[in-house]
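*Asks:* kindly return the folded structure for what I paste below:
(2 chains)
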Amino acid sequence: MNQNELKLILEDVKSFPSMPAAALKLLTLLKDENTTNAQIEQILRYEPGLTANILKLTNSAYFGLPTKIGSVRQAVLMIGWKKLTQIVLASCVSAIVDKPVQGYDLSAGELWRHSVAVSVASEILVKELKLPVSDEVFTAALLHDVGKMVLGRYVKEDIAVIDGEDMQDMPFEQVERSMFGIDHAEIGANILKRWLFPPGMISAVRWHHDPDAAPKSNHMIDVVHVADVLCLMSGLGIGREGLQYRPSPAACERIGMNEQHLEKVVSQTLQWANDLAASLQADS
Amino acid sequence: MNHVVAVGDMKTGCRDDMIVTHALGSCLGLMVYDPAAQVGGLLHAMLPLSKINLQKASENPFMFVDTGVPELFRQLYELGGQKSRMVIKVAGCGQPLGNSEMFKIGERNYTILKKLLWKNNIMIEAEDVGGVASRTVYFDLSTGQVTISSKGVKKEL
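*Replies:* So this is what the prediction gives:
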């Protein structure tokens, strides 16, 4: 392990792009049951970029609304502020993760597509298994791999060692830890911490490859973990490291998932993910 | 002409066509070629059996092995292909690390394919299946040659 590299990686985390302030405010309101439509409107009214995106998304085929929506107020009424907040956050995330990721060999838009697929699969899992998991799971899933944006450069530099015979039976996050002293999940959690995101989301990102190691296991972590593996298996945003990850049977047991659920979720994810990824892309 | 086959899709072509599919994880990549007629098709199926979601299967048979494989053969017959001349190659069907039965979708995809082919007296000519690799397949319909690319390394199948 290279101490100097770890220092550089942590520096990169500090200079990673921030989330728009409005996104964070929305996230806080999303957690509060007493939030009113007026409060949401208030925040969005002064963010012309977000407003334009909201109108574009609300009018997209994904929602299939019968009439054209012309204002944020109408949008909130039509699709509800929870869904609206999620899609606003998603369009903020898309601007960050739609770039190519070296090292993992993901071309432009692929990490975004994977992120959306994992969000969609997570929501389907929650519904299918009737789990008491908060709406935060959508955004947590969307950001689970954000750490790859930082680590990719270092993975690429050391790719000869990483491709070595002795690394091939090791889950890839352990390969990262043995090389750099940190993995993309922990880097992602650090980024979310800097963005002042809620603790539940931070731990879902932190433990998405190793849910059994979480100090306190919960359904949100397990759902993101399983959804991630399923999307990789389906080839949705699968990178150079392929399927070099180890799914946790204990996590499946905790959320009560069997083989049939698993295949059903896979069969439902593809189309939703494709539709949503296209309509949520920022400024396309 | 270049055709790209997305996840849960199938394309056929002839002579000068090249069919490509990216990112095979646990999905099945099936390449079928008739050298005499110079026609071929590539299927990228996600799941073994259509009974898990019959509605999806009726919308898109290529999502499943049990509905996608017969449809691929049917379309090749329409293009002049003959069963006795078909050359079959298989790629993908990978699985993550560990030995969890639940996540062996790749193995189940492969088993259903073998059953279908066996019932119809069809042999597999070559295959590159299993393991954790993400595979990209290039299928050249002028020669029937199949090239697999993984981690930037290309090899002929």
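
*Asks:* which residue is the nearest non-sequential neighbour of the residue lying farthest from the centre of chain B?
*Replies:* In terms of distance from the mean C-alpha position of chain B, B:Gly98 ranks first, at 25.0 Å (C-alpha atoms, centre = their mean). Closest residue in space to B:Gly98, ignoring its immediate chain neighbours: A:Arg246 at 4.3 Å, by C-beta to C-beta, 6 or more residues apart in numbering or on different chains. C-beta: built from backbone N, CA, C; applies to glycine.

*Asks:* buried ones in stretch B:58-74?
*Replies:* Neighbour counts using 16 or more other C-beta atoms under 10 Å in any protein chain shown place B:Asn60, B:Pro61, B:Phe62, B:Met63, B:Phe64, B:Val65, B:Asp66, B:Thr67, B:Gly68, B:Val69, B:Leu72, B:Phe73 of stretch B:58-74 among the buried residues.

*Asks:* host element of the residue nearest to B:Ser26 when sequence neighbours are not counted?
*Replies:* Leaving aside its chain neighbours, B:Ser26 sits nearest to B:Gly106 (3.6 Å; criterion: C-beta to C-beta, 6+ apart). If you go by DSSP states H and E, B:Gly106 is part of helix B:105-119.

*Asks:* strands paired with the helix or strand following that helix, and their directions?
*Replies:* With elements assigned by DSSP H and E, the helix or strand that comes after helix B:105-119 is strand B:126-129. The strands beside strand B:126-129 in its sheet (DSSP bridges) come out as strand B:87-92 (parallel).

*Asks:* about what we covered before: packing partners for the helix holding B:Gly106?
*Replies:* If contacts are counted by 3 or more C-beta pairs under 8 Å, 6 or more residues apart in numbering or on different chains; DSSP states H and E, helix B:105-119 sits against helix A:259-280, strand B:28-34, helix B:65-78, strand B:87-92.

*Asks:* change it to 10 Å
*Replies:* helix A:219-233, helix A:259-280, strand B:28-34, strand B:39-45, helix B:65-78, strand B:87-92, strand B:126-129 (3 or more C-beta pairs under 10 Å, 6 or more residues apart in numbering or on different chains; DSSP states H and E).

*Asks:* rank those by pLDDT, which is bottom?
*Replies:* When the helices and strands packed on helix B:105-119 are compared on average pLDDT, helix A:259-280 comes out lowest at a mean of 83.

*Asks:* kindly export that helix (C-alpha atoms) in CSV.
*Replies:* The C-alpha coordinates for helix A:259-280 follow below in CSV (Å, rounded to 0.1, in the frame of the first residue of the first chain):
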residue,chain,number,x,y,z
GLU,A,259,-34.4,-16.8,-6.2
GLN,A,260,-37.8,-15.9,-7.7
HIS,A,261,-37.8,-12.4,-6.3
LEU,A,262,-34.3,-11.9,-7.7
GLU,A,263,-35.2,-12.9,-11.2
LYS,A,264,-38.4,-11.0,-11.1
VAL,A,265,-36.6,-7.8,-10.1
VAL,A,266,-34.1,-8.2,-12.9
SER,A,267,-36.9,-8.6,-15.4
GLN,A,268,-38.5,-5.4,-14.3
THR,A,269,-35.5,-3.2,-13.9
LEU,A,270,-34.2,-3.0,-17.5
GLN,A,271,-37.0,-1.0,-19.1
TRP,A,272,-37.6,1.4,-16.2
ALA,A,273,-34.0,2.1,-16.0
ASN,A,274,-33.6,2.8,-19.7
ASP,A,275,-36.6,5.2,-19.7
LEU,A,276,-35.6,7.0,-16.5
ALA,A,277,-31.9,7.3,-17.4
ALA,A,278,-32.8,9.1,-20.7
SER,A,279,-35.4,11.4,-19.2
LEU,A,280,-33.3,12.4,-16.1
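
*Asks:* in it, what's buried?
*Replies:* The neighbour-count check on helix A:259-280 (16+ other C-beta under 10 Å) flags A:261-270, A:272-274, A:276-277, A:279-280 as buried.

*Asks:* about what we covered before: now do the SS call for the residue nearest to B:Gly98.
*Replies:* Here A:Arg246 is coil, with the state taken from DSSP: H, G, I helix; E, B strand; the rest coil.

*Asks:* so what's A:Ile187 closest to, chain neighbours aside?
*Replies:* Nearest residue to A:Ile187, sequence neighbours excluded (C-beta to C-beta, 6+ apart): A:Gly147, at 3.3 Å.

*Asks:* and the next helix or strand past the helix or strand containing A:Lys156?
*Replies:* In the assignment (DSSP H and E), A:Lys156 maps to helix A:148-157. Downstream of helix A:148-157, the first helix or strand assigned by DSSP H and E is helix A:159-162.

*Asks:* which strands and helices lie in contact with that following helix?
*Replies:* helix A:148-157, helix A:172-180.

*Asks:* list the helices and strands the first one packs on?
*Replies:* The helices and strands touching helix A:148-157, judged by 3+ C-beta pairs under 10 Å, 6+ apart, are helix A:3-14, helix A:81-97, helix A:110-128, helix A:159-162, helix A:172-180, helix A:184-194.

*Asks:* ok and that helix relative to helix A:172-180, angle-wise?
*Replies:* For helix A:148-157 against helix A:172-180, the angle by axes from the mean of the first three to the mean of the last three C-alpha atoms, to 10 degrees is 60 degrees.

*Asks:* remind me which residues of chain B are low pLDDT?
*Replies:* Nowhere does chain B drop to pLDDT under 70.

*Asks:* let's check: the centremost residue of it is which one?
*Replies:* In chain B, the centroid-proximal residue (C-alpha atoms, centre = their mean) is B:Leu30; its distance is 1.6 Å.
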